[in-house]
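Colleague: curious how this folds, go ahead:
(one chain, ligands or ions: 1)
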Amino acid sequence: MTTAVCRLCGAELTETFVDLGMSPLCESYLPAERLDSAETFYPLHVRLCPSCLLVQLPAYVAGEDIFSDYAYFSSYSDSWVAHAGDYVESVVERFGLGRDSQVVELASNDGYLLQHVVERGIPALGVEPAANVAEVARERGIETVVEFFGRELASTLVARGRRADLLVANNVFAHVPDLNDFAAGMERILAPGGVVTIEFPHLARLIEENQFDTIYHEHFSYFSLLSARTVLRAHGLEVFDVEELSTHGGSLRVYAQRSEEAAHPVRTAVAELVDRERDLGLDRIEGYSGFAWRVAETKWRLLEFLISCRRDGRRVVGYGAPGKGNTLLNYCGIRTDLLEFTVDRNPYKQGQFLPGTRIPIHEPEQLERSQPDFVLILPWNLSDEIVAQLAHLRDQGVRFVVPIPEVRVL
Ligand SMILES: [Zn+2]
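Modeller: Next up, the predicted model:
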């Protein structure tokens, strides 16, 4: 076997962060007619680079195979659309964006974010490699380029006069196989004085809260502020601010500018978070050990809960069919004997089956019809929103359960 190398610095990836075994691509939902066919499983073996400390999954699957026909439409989550609206309001004010500005978003999805920019009369351009998702954005009147982003596309856009006063790369940084090409492209497309913001799930929270289900094949890199700063610095960008967000179980929003420009003073939040990450041990290899055993413990507890429900004759069904649910269910080996079905608001997923575990996905109304004892909330990061939506079920005696950080009945 050849040893994989670090996508940032090229060092051999000799250290394991956690190995979740084999899993199919977490967004490759199965239609009924494919139930008699085989599925392809890939390793979910996450490594730690011993040299630059980037936590990463080798690109077992090419980005083109994953993102060209993607099932994830951001607008299906109310709270996610609201999060994007709040973000746009805050950056428009902070950086004084107006009709003469240009906002570019990388991985603009179905326009969930840029719609808020366009509403304000600010020119916006989306870059989205998944044609089916980009089409929805175009129908909303958002100009969208259907391509993968990197140095080449950045140069093409700059040549067409499209430089970004604000470059939004929220929730894409973690999904980029060629991190160096992507970061170099970001630096290239920035207008003079331009600002880039990136959001990504915070590795510190993943470790502290056992969020191992956020590991999946589409999620190539797991960043701390320290490692994100390393990537950006390697391409002439400097972090000048950071905010901690509650999204995706705890994310960072990092603001960066060209290192040589330094138009925005570096806020103290940056040094404070770097210090905290050092306290957590994220600046050395030993700081990452121990995580793998906590993951195994979480699996055993979830299985104990589901098996004891089964033995007591109580029925458990799922809510949601997110990518993270598929990592969790495949790693734990949960099938329909322990989780009868799940439901999802996304009509694209309804009537299909979860990859690997082949648990059927129904429409949410199936919950009322079937009256289970417990609903296991797979997108636990949205559990407040979901429990509020399903308050009528609670009145009927249904109880809600989250699997992460450990099994808990709400
Ligand atoms: Zn490295």
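Colleague: only C-alpha atoms from now on, for both contacts and neighbour counts.
Modeller: Will do.
Colleague: near the ion, which residues of the chain show up?
Modeller: Counting by Cα under 5 Å from the ion, the residues of the chain close to the ion are 6, 9, 49, 52.
Colleague: what's the local residue count around residue 315?
Modeller: Residues near residue 315, counting by other Cα atoms under 10 Å, number 19.
Colleague: could you point out the longest strand in the chain?
Modeller: Secondary structure of the chain per DSSP state E: the longest strand is strand 190-201.
Colleague: quickly run through the sheet partners of it, with directions.
Modeller: Counting by DSSP bridges, the strands paired with strand 190-201 are strand 164-170 (parallel), strand 251-258 (antiparallel).
Colleague: as a check, name the ranges of all strands in the stretch 101-250 of the chain.
Modeller: Applying DSSP state E, counting those that start in this stretch to the stretch 101-250 of the chain gives strands spanning 103-106, 124-127, 144-145, 164-170, 190-201, 221-222, 237-245.
Colleague: and residue 21, which of those is closest to it?
Modeller: strand 221-222 (17.6 Å; Cα to Cα).
Colleague: which secondary structure elements does the closest one contact?
Modeller: Contacts defined by 3 or more Cα pairs under 8 Å, 6 or more residues apart in numbering; DSSP states H and E place strand 221-222 against strand 55-56.
Colleague: ok, residues contacting the strand it packs on?
Modeller: 6, 17, 46, 47, 48, 49, 220, 221, 222, 223 (Cα atoms under 8 Å, 6 or more residues apart in numbering).
Colleague: before we move on, what about stretch 394-401?
Modeller: Outside stretch 394-401, the residues that touch it by Cα under 8 Å, 6+ apart are 371, 372, 373, 374, 375, 376, 377, 387, 407, 408, 409, 410.
Colleague: quick one: the last one and residue 403 touch, right?
Modeller: Read that as residue 410. No - judged on Cα atoms under 8 Å, residue 410 makes no contact with residue 403 at a distance of 10.7 Å.
Colleague: of these two, which one has the most company?
Modeller: Neighbour totals were compared for residue 410 and residue 403, and residue 403 leads with 22 against 9 (other Cα under 10 Å).
Colleague: so what's the more buried one closest to, chain neighbours aside?
Modeller: Nearest non-adjacent residue to residue 403, counting by Cα to Cα, 6 or more residues apart in numbering: residue 302, 6.6 Å away.
Colleague: where does that neighbour land on pLDDT?
Modeller: Listed pLDDT for residue 302 reads 96.
Colleague: before we move on, what SS does it have?
Modeller: Look at residue 302: counting by DSSP: H, G, I helix; E, B strand; the rest coil, its state is helix.
Colleague: need phi/psi at the one residue sitting closest to the centre of the chain.
Modeller: The residue lying closest to the centre of the chain (Cα atoms, centre = their mean) is residue 171, at 5.8 Å. The phi and psi torsions at residue 171 (degrees, to the nearest 10) take the values phi 60, psi 40.
Colleague: my guess is it contacts residue 197. True?
Modeller: No - in this structure residue 171 lies outside contact range of residue 197 using Cα under 8 Å: 10.1 Å.
Colleague: tell me how far residue 240 lies from the ion.
Modeller: 23 Å (Cα to the ion, to the nearest Å).
Colleague: that residue - nearest residue in space that isn't next to it in sequence?
Modeller: Nearest residue to residue 240 in three dimensions, chain neighbours excluded: residue 266, at 4.1 Å (Cα to Cα, 6+ apart).
Colleague: state the number of residues packed around that neighbour.
Modeller: 16.
Colleague: show me the contacts for it.
Modeller: The contact partners of residue 266, by Cα under 8 Å, 6+ apart, come to 239, 240, 241.
Colleague: contacting residues for the second one?
Modeller: If you count contacts by Cα under 8 Å, 6+ apart, residue 240 has them with 254, 255, 256, 257, 264, 265, 266, 267, 270.
Colleague: for the last one, pull up the helix or strand it's in.
Modeller: Right, residue 270. Using DSSP states H and E, residue 270 falls within helix 268-279.
Colleague: next, the closest residue to residue 4 other than its chain neighbours: phi, psi?
Modeller: Sequence neighbours aside, residue 13 is the residue nearest to residue 4 in space, at 5.6 Å (criterion: Cα to Cα, 6+ apart). The phi and psi torsions at residue 13 (degrees, to the nearest 10) take the values phi -90, psi 80.
Colleague: pLDDT weak spots in the stretch 201-350 of the chain?
Modeller: For the stretch 201-350 of the chain, no stretch has pLDDT under 70.
Colleague: just want the residue of it that's nearest the ion.
Modeller: Residue nearest to the ion within the stretch 201-350 of the chain (Cα to the ion): residue 227, separated by 9.3 Å.
Colleague: could you report the neighbour count for that residue?
Modeller: Neighbourhood size, residue 227 [other Cα under 10 Å]: 20.
Colleague: look at the closest residue in space to residue 185 that isn't next to it in sequence and report its pLDDT.
Modeller: In this structure, residue 185 finds its nearest non-sequential neighbour in residue 151, 4.0 Å apart by Cα to Cα, 6+ apart. If you check residue 151, the pLDDT there is 97.
Colleague: before we move on, what about the one 4 residues further on?
Modeller: Among the per-residue scores, residue 155 holds a pLDDT of 98.
Colleague: which ones are touching it?
Modeller: 185, 188, 189.
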